[in-house]
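Colleague: I would like the atomic coordinates for the input below:
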Amino acid sequence: MFDEKFSEKDDKTLQIAKEREQIKQKMAQKLKDIKFTDDEIKSVIQIIDSTEGKIEALKSSLIGTNINTDDPTPAMAHVLVQIKQLEIDMAENIKKRIAQIQATKK
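Modeller: The predicted structure is shown next:
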């Protein structure tokens, strides 16, 4: 039973990672289709990778909050707001970077 719980969590984590990777690959292919170079594509994907790292760091900051406080909800809510803002910023930064690259191609 204990091993099953870890297995389920690992399966879900691996599935999420796989889905993220597929999204990045689709984006890379779409950029390649509109004649972006490999370096240009890497600069766009780097925005995603950087944001994912920041999100993971925020998630890690929650480790132990249920032990150190009576109610971890405020800390969790605060991190959730920060994650949502990072996602919004990432989308805006991707759009800006793609627009910058396209502007240099004209």
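Colleague: Local confidence estimate at Pro74?
Modeller: Note on Pro74: pLDDT of 88.
Colleague: for the one 5 residues further on, same thing?
Modeller: Note on Val79: pLDDT of 93.
Colleague: From here on, call the first residue 214.
Modeller: Sure, I'll start counting at 214 from here, so that last one is Val292.
Colleague: Assign a three-state SS to it, would you?
Modeller: helix (DSSP: H, G, I helix; E, B strand; the rest coil).
Colleague: in this protein, which spans are helices?
Modeller: 215-246, 251-273, 278-281, 286-317 (DSSP state H).
Colleague: Compute the number of surrounding residues for Ile258.
Modeller: By the measure other Cβ atoms under 10 Å, the count of residues near Ile258 is 16. Bear in mind the C-beta positions are built from the backbone N, C-alpha and C, glycine included.
Colleague: likewise the one 3 residues further on?
Modeller: Neighbour count for Ile261, taken as other Cβ under 10 Å: 17.
Colleague: what sits up against the one helix or strand in the chain whose mean pLDDT sits lowest?
Modeller: Across the helices and strands of the chain, mean confidence by mean pLDDT, DSSP states H and E is lowest for helix 278-281: a mean of 77. With contact meaning Cβ atoms under 8 Å, 6 or more residues apart in numbering, helix 278-281 is reached by 285, 288-289.
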